[in-house]
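A.B. asks: Coordinates only, no sequence provided:
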């Protein structure tokens with residue numbers, strides 16, 4: 001019997017810049033999408049999230065049946081599927097097994113995953129076994145390898161996107177004239193490679209936007225990548241608990257004097273928003289989007305193990321750039337996040353855990369001329385108050401967060 005990861009169904013999006021997948025929602029039903037990131041660590045939170053998604057699909061939860069799922073990177077920790085061959089099948093089953101019923105119901109073409117930085121790491125710098133194997137220590141993922149991503153692209157349950165941009169287009173509702181275009185960009189690869197190698201992917205993104213500008217019926221464009229444009233979580237510098245203020249405070253991850261460890265880490269692996277190479281990648285994306293002639297209303301990302309909705313109307317004069325950004329990276333782990341400060345920053349911290357984000361995922365529903373976004377707590381299935389009593393968000397076709 002072949003290992004699980006060798007079963008091939010369909011064509012993967014290894015280097016296809018125009019991958020499309022059409023799924024018709026039920027009659028009159030608005031397109032409903034789940035976005036979950038950093039779901040690569042087996043454990044209670046991952047199982048809770050998977051069960052909640054399954055309950056939504058089966059109707060046991062009233063949130064509505066999802067038509068598609070997007071996994072926002074870091075799909076397997078700590079080094080993706082860059083593990084010994086005899087461990088690959090076990091790792092896939094432990095991590096994705098809880099979603100199996102949902103995967104089989106949706107079908108491979110309606111479950112999409114983008115690569116994250118951990119999916120590219122080659123190995124752990126430190127691996128040690130203590131007490132005759134009872135305690136195992138693995139720390140410091142390093143190096144670069146695409147082997148794990150190749151294995152991920154061969155998994156039968158999803159369509160995996162890496163290297164080159166891809167697109168997926170869905171009707172916003174059954175019988176409707178509008179369509180939703182999800183543009184998937186592998187943000188992990190640029191941060192692992194020299195800037196001189198970025199051109200093919202950026203050129204491919206330009207072509208996708210150029211075609212989109214001349215394609216009738218596309219009313220929504222959502223940019224999906226692992227790394228967020230903005231964050232008020234750990235990768236954005238919000239990582240220190242202040243006992244006096246009873247909140248999370250900011251500490252630059254790129255300042256040599258105040259945070260030497262993170263500064264050094266960013267010189268060899270630029271994974272924080274403030275890092276020069278990270279900003280260079282975002283500036284390259286902004287330039288392509290600005291020249292593309294079409295508006296992108298929203299970004300979906302993970303990377304920070306938090307839930308955030310950020311509204312920044314002014315993005316350096318880039319009229320086509322998204323003004324609303326969703327971070328949905330609490331699929332299997334939770335970390336610190338700044339306390340909410342509406343109307344610009346909505347987050348899901350728990351005060352009794354010293355600013356740790358609640359775990360869960362984001363749900364998008366396209367209703368007529370508006371997009372509804374809700375964050376669900378994977379442990380209790382409830383809609384999360386993201387600050388000031390706000391549990392649902394509405395975005396218009398101009399990409400503006402509505403009051």
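C.D. replies: Great, that's in hand. The structure displayed is predicted, hence computed values, not measured ones.

A.B. asks: Leaving out sequence neighbours, find the closest residue to residue 100.
C.D. replies: Distance criterion C-beta to C-beta, 6 or more residues apart in numbering; nearest residue to residue 100, sequence neighbours excluded, is residue 157 at 7.2 Å. C-betas here are computed from N, CA, C, even on glycine.

A.B. asks: Where does the residue lying closest to residue 398 once chain neighbours are set aside fall, secondary structure wise?
C.D. replies: Take residue 398 and drop its neighbours on the chain: the residue closest to it by C-beta to C-beta, 6+ apart is residue 295, 7.1 Å away. Counting by DSSP states H and E, there is no helix or strand that carries residue 295.

A.B. asks: just the one 5 residues further on next, same as before
C.D. replies: Take DSSP H and E as the rule and residue 300 turns out to sit in strand 298-301.

A.B. asks: what pLDDT does residue 351 get?
C.D. replies: Residue 351 is assigned 86 on the pLDDT scale.

A.B. asks: Give me the spatial nearest neighbour of it, chain neighbours excluded.
C.D. replies: With sequence-adjacent residues excluded and distances taken as C-beta to C-beta, 6+ apart, residue 351 is closest to residue 246, at 7.2 Å.

A.B. asks: didn't the one you found look like it was pressed against residue 352?
C.D. replies: No. Counting by C-beta atoms under 8 Å, residue 352 is not a contact partner of residue 246; they are 10.8 Å apart.

A.B. asks: Could I get the full set of helices for the stretch 101-250 of the chain?
C.D. replies: Using DSSP state H, counting those that start in this stretch, the helices of the stretch 101-250 of the chain run over residues 117-120, 147-153, 188-192, 199-213.

A.B. asks: how about TSV for those, with distance to residue 36 and mean neighbour count added?
C.D. replies: Output for these, formatted as TSV (distance: least, C-beta to C-beta, whole Å; neighbours: other C-beta atoms under 10 Å):
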stretch	distance to residue 36	mean neighbour count
helix 117-120	15	26
helix 147-153	16	22
helix 188-192	17	23
helix 199-213	24	17
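
A.B. asks: among those helices, which is nearest residue 103?
C.D. replies: Nearest to residue 103, of all those, is helix 147-153, at 13.7 Å by C-beta to C-beta.

A.B. asks: where does the lengthiest helix in the chain sit relative to the chain's centre, distance-wise?
C.D. replies: Scanning the chain for the longest helix, with DSSP state H as the assignment, gives helix 276-292. How far helix 276-292 lies from its chain's middle: 18 Å, per C-alpha atoms, centre = their mean, to the nearest Å.

A.B. asks: for that helix, which positions count as buried?
C.D. replies: By 16 or more other C-beta atoms under 10 Å, the buried positions in helix 276-292 come out as 277-278, 281-282, 284-286, 288-289, 292.

A.B. asks: Show me what it packs onto, helices and strands only.
C.D. replies: helix 188-192, helix 199-213 (3 or more C-beta pairs under 8 Å, 6 or more residues apart in numbering; DSSP states H and E).

A.B. asks: okay, these in CSV with mean pLDDT next?
C.D. replies: Below are the helices and strands packed on helix 276-292 laid out as CSV (pLDDT from 0 to 100):
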stretch, mean pLDDT
helix 188-192, 96
helix 199-213, 97
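
A.B. asks: Next, format the ones you listed as a markdown table and append distance to residue 304.
C.D. replies: Below are the helices and strands packed on helix 276-292 laid out as a markdown table (distance: least, C-beta to C-beta, whole Å):
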| stretch | distance to residue 304 |
| --- | --- |
| helix 188-192 | 14 |
| helix 199-213 | 23 |
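
A.B. asks: Please name whichever of those helices is nearest to residue 251.
C.D. replies: helix 188-192 (21.3 Å).

A.B. asks: any low-confidence regions in the protein?
C.D. replies: Low-confidence segments of the chain (pLDDT under 70): 1-27, 125-140.

A.B. asks: switch the cut-off to 90
C.D. replies: Applying pLDDT under 90 to the chain flags residues 1-29, 123-143, 173-178, 215-216, 313-317, 351-352, 368.

A.B. asks: what residue lies at the spatial centre of the protein?
C.D. replies: By C-alpha atoms, centre = their mean, the chain has its centre lying nearest to residue 72, at 2.5 Å.

A.B. asks: Quick check: that residue vs residue 186, distance?
C.D. replies: Look at residue 72 and residue 186: by C-beta to C-beta, to the nearest Å, they are 12 Å apart.

A.B. asks: Which residues are in contact with each of these two?
C.D. replies: Residues touching both residue 72 and residue 186 (C-beta atoms under 8 Å, 6 or more residues apart in numbering) are 114, 225-226.

A.B. asks: Output those as a markdown table; include the columns neighbour count.
C.D. replies: Below are the shared contacts of residue 72 and residue 186 laid out as a markdown table (neighbours: other C-beta atoms under 10 Å):
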| residue | neighbour count |
| --- | --- |
| 114 | 29 |
| 225 | 27 |
| 226 | 29 |
